[in-house]
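Asks: Predicted model and sequence below, questions to follow.
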Amino acid sequence: TVQQGIVILTKAYTIRLHAIENYGYIIHEFDPYFNFRATQYLYDNGWKAFAQWFDYKVWYPLGRPVGTTIYPGMQVTAVWLVKSWLPFWFGLKEWIGTSIPSNVVAKSAWEVSKSSSGIMATVASAMATMGMKW
């Protein structure tokens with residue numbers, strides 16, 4: 001009935017405000033979409049723009065000064081991995097003839113089977129790295 005609906009709405013409202021009443025107006029939640037957008041913004045625009053970035057899409061309608069309200073460790077690490085580590089990881093094949101991932105595949109195949117399947121795994125991985133097909 002109407003009285004039950006009012007009780008349900010009141011309970012829902014108080015449950016929703018529980019975090020604000022206990023912890024204040026700071027958001028304490030993990031937001032993967034915001035973290036993805038922040039990492040993408042840092043990757044595309046660099047540190048200086050990221051530090052001064054005011055994001056109007058979050059905390060609507062107020063917006064958020066991201067550069068002064070975020071701990072950017074995850075974003076910086078992700079951008080470093082994409083810009084520095086991944087080209088190194090996959091680029092070593094130019095110096096040593098094959099990539100680190102194909103060596104990992106070969107060593108794993110050798111450890112599992114103790115046979116020459118490691119050689120076939122290395123060949124298949126190297127062919128896939130170069131874009132070749134069987």
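Replies: That came through fine.
Asks: Mind checking what secondary structure Lys57 has?
Replies: At Lys57 the chain is in coil, as set by DSSP: H, G, I helix; E, B strand; the rest coil.
Asks: Now do the contacts for it.
Replies: Arg37, Gly63 (CB atoms under 8 Å, 6 or more residues apart in numbering). C-beta: built from backbone N, CA, C; applies to glycine.
Asks: Would you report the backbone torsion angles of it?
Replies: Dihedral pair for Lys57: phi -90, psi -10, per degrees, to the nearest 10.
Asks: Tell me which stretches of this protein form strands.
Replies: Taking DSSP state E as the criterion, the chain carries its strands at 54-55, 64-65.
Asks: So which elements touch the last one?
Replies: In this case it means strand 64-65. Judged by 3 or more CB pairs under 8 Å, 6 or more residues apart in numbering; DSSP states H and E, strand 64-65 is in contact with strand 54-55.
Asks: who touches the strand it packs on?
Replies: Arg37, Ala38, Gly63, Arg64, Pro65, Val66.
Asks: from what I can see the last one touches Phe50, true?
Replies: The reference is to Val66. Yes. Val66 is within contact range of Phe50, at 7.2 Å (criterion: CB atoms under 8 Å).
Asks: the bottom helix or strand of this structure by mean pLDDT?
Replies: helix 93-96 (a mean of 58; mean pLDDT, DSSP states H and E).
Asks: Output the lengthiest helix in the chain as CSV, nothing but the C-alphas.
Replies: In terms of residue count, the longest helix belonging to the chain (DSSP state H) is helix 32-51. In CSV, the C-alpha atoms belonging to helix 32-51 read as follows (Å, rounded to 0.1, in the frame of the first residue of the first chain):
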residue,chain,number,x,y,z
PRO,A,32,36.8,1.6,-12.8
TYR,A,33,35.3,3.7,-15.5
PHE,A,34,36.7,6.9,-14.1
ASN,A,35,40.1,5.3,-13.6
PHE,A,36,40.1,4.1,-17.2
ARG,A,37,39.2,7.6,-18.4
ALA,A,38,41.8,9.2,-16.3
THR,A,39,44.5,6.8,-17.6
GLN,A,40,43.4,7.5,-21.2
TYR,A,41,43.5,11.3,-20.6
LEU,A,42,47.0,11.0,-19.1
TYR,A,43,48.2,8.8,-22.0
ASP,A,44,46.7,11.2,-24.6
ASN,A,45,47.6,14.6,-23.1
GLY,A,46,50.6,14.1,-20.8
TRP,A,47,51.3,14.9,-17.2
LYS,A,48,51.0,18.7,-17.3
ALA,A,49,47.5,18.6,-18.8
PHE,A,50,46.5,15.8,-16.5
ALA,A,51,47.6,17.7,-13.4
